[in-house]
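Peer 1: structure, please.
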Amino acid sequence: MGASRVTPGVYITTSWDDGHPCDLRIAQLLERYGLAGTFYVPREHPEGTIPPSRYATFGPSVELGAHTIHHEALAWIDDARARREIAESKDWIEQHTGTHCPVFCPPRGKFHRRHLDMMVDAGFDGARTVEAWSLDAPRPYANPHRAFHVMPTTVQAYPNVALGNLRNVIKRRSLCGLVRFVRCGFGRDWTHSLVCSLDTAVRRGHGVVHLWGHGWEIAAQKQWPQVDAVFRELSRRVRARQARAVTNGQLVALCRGDADAPPDAPARPVATPPPRPLAHAS
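Peer 2: Got it, this is the predicted structure:
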């Protein structure tokens with residue numbers, strides 16, 4: 001995978017997995033603070049899911065992505081079943097929203113390269129991974145049939161132990177991720193890590209700050225005050241024109257160079273010009 005050939009800009013995107021009822025509270029906070037988010041919703045989940053129609057009230061700042069039908073880890077099932085889980089989840093989202101579902105997120109972050117080809121075949125534009133400590137724009141994936149981008153993330157909204165974060169960057173052999181973890185993550189709360197990463201992107205003048213998490217984990221860990229504080233700070237940066245808020249799908253569209261790629265579209269518009277295409281941050 002190479003770098004996205006796009007021009008500079010700082011972007012903020014968020015994504016939330018599993019379609020738990022707590023996601024509605026996150027969507028309300030995104031709307032309140034003029035931010036944007038993508039909710040990856042499976043049709044079925046052991047903890048229960050909310051129907052896609054419930055997200056529609058939040059407008060274009062809230063986007064739905066596919067997350068398989070049965071919340072299946074793709075690496076743990078056979079290829080025929082994986083292909084069905086990927087393609088049918090896209091169809092299910094589109095049937096309930098009436099719009100193109102541009103992005104997919106593999107449950108538990110478990111997938112292989114061949115699964116990316118299945119996502120391309122299903123008609124997705126991009127996929128979000130659980131690669132952490134990145135400020136990279138979505139990276140193009142080489143497939144002769146369709147432009148497709150793979151999204152890393154920056155910080156998870158969860159009080160991870162340092163060892164788990166360190167494993168993440170070592171597994172991916174990311175020197176930049178390791179340096180960022182040491183500077184922004186080691187011994188720090190996730191909220192400080194995210195703001196530190198945003199400061200880095202703003203100083204450079206380019207990069208994607210990607211916050212992700214699970215609504216049910218936020219509730220279980222009693223992290224709602226932290227989420228509110230982070231959203232307030234991200235909103236301040238957007239209003240100050242230091243960054244632009246986009247969904248995962250809008251981010252991929254900008255990287256693809258789509259002529260009709262939407263500008264950032266928070267529920268409460270902020271006085272910013274339409275976003276320029278993205279830059280790859282190393």
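
Peer 1: correct me, but Ser235 touches Glu31?
Peer 2: No. Using CB atoms under 8 Å, Ser235 makes no contact with Glu31, being 10.9 Å away. Backbone N, C-alpha and C define where each C-beta goes, glycine included.

Peer 1: Arg188 belongs to a helix?
Peer 2: No. Arg188 is assigned coil when assessed by DSSP: H, G, I helix; E, B strand; the rest coil, not a helix.

Peer 1: mind checking how far it is from Ala132?
Peer 2: 13 Å (CB to CB, to the nearest Å).

Peer 1: just want to know which of the two has more residues nearby.
Peer 2: Ala132 (27 against 17; other CB atoms under 10 Å).

Peer 1: and the longest helix seen in the chain, which residues are buried?
Peer 2: Among all segments of the chain classified by DSSP state H, the helix with the greatest residue count is helix 79-97. Within helix 79-97, the residues scored as buried using 16 or more other CB atoms under 10 Å are 82-90, 92-94, 96.

Peer 1: dihedrals phi and psi, Leu64?
Peer 2: In terms of degrees, to the nearest 10, the main-chain angles of Leu64 are phi -110, psi 140.

Peer 1: let me know how buried it is, in neighbour terms.
Peer 2: Neighbour count for Leu64, taken as other CB under 10 Å: 23.

Peer 1: again, but for Arg244
Peer 2: The tally of other residues near Arg244 (other CB under 10 Å) stands at 26.

Peer 1: and stretch 15-23, how far from the chain's centre?
Peer 2: Centroid displacement of stretch 15-23 relative to its chain, using CA atoms, centre = their mean, to the nearest Å, is 12 Å.

Peer 1: just the mean pLDDT for that stretch, thanks.
Peer 2: For stretch 15-23, mean pLDDT rounds to 96.

Peer 1: can you list the buried residues in stretch 211-228?
Peer 2: Within stretch 211-228, the residues scored as buried using 16+ other CB under 10 Å are Leu211, Trp212, Gly213, His214, Gly215, Trp216, Glu217, Ile218, Gln223, Gln226, Val227.

Peer 1: and those residues as JSON lines, adding pLDDT?
Peer 2: Formatted as JSON lines, those follow (pLDDT from 0 to 100):
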{"residue": "Leu211", "pLDDT": "98"}
{"residue": "Trp212", "pLDDT": "97"}
{"residue": "Gly213", "pLDDT": "96"}
{"residue": "His214", "pLDDT": "96"}
{"residue": "Gly215", "pLDDT": "96"}
{"residue": "Trp216", "pLDDT": "95"}
{"residue": "Glu217", "pLDDT": "95"}
{"residue": "Ile218", "pLDDT": "96"}
{"residue": "Gln223", "pLDDT": "96"}
{"residue": "Gln226", "pLDDT": "97"}
{"residue": "Val227", "pLDDT": "98"}
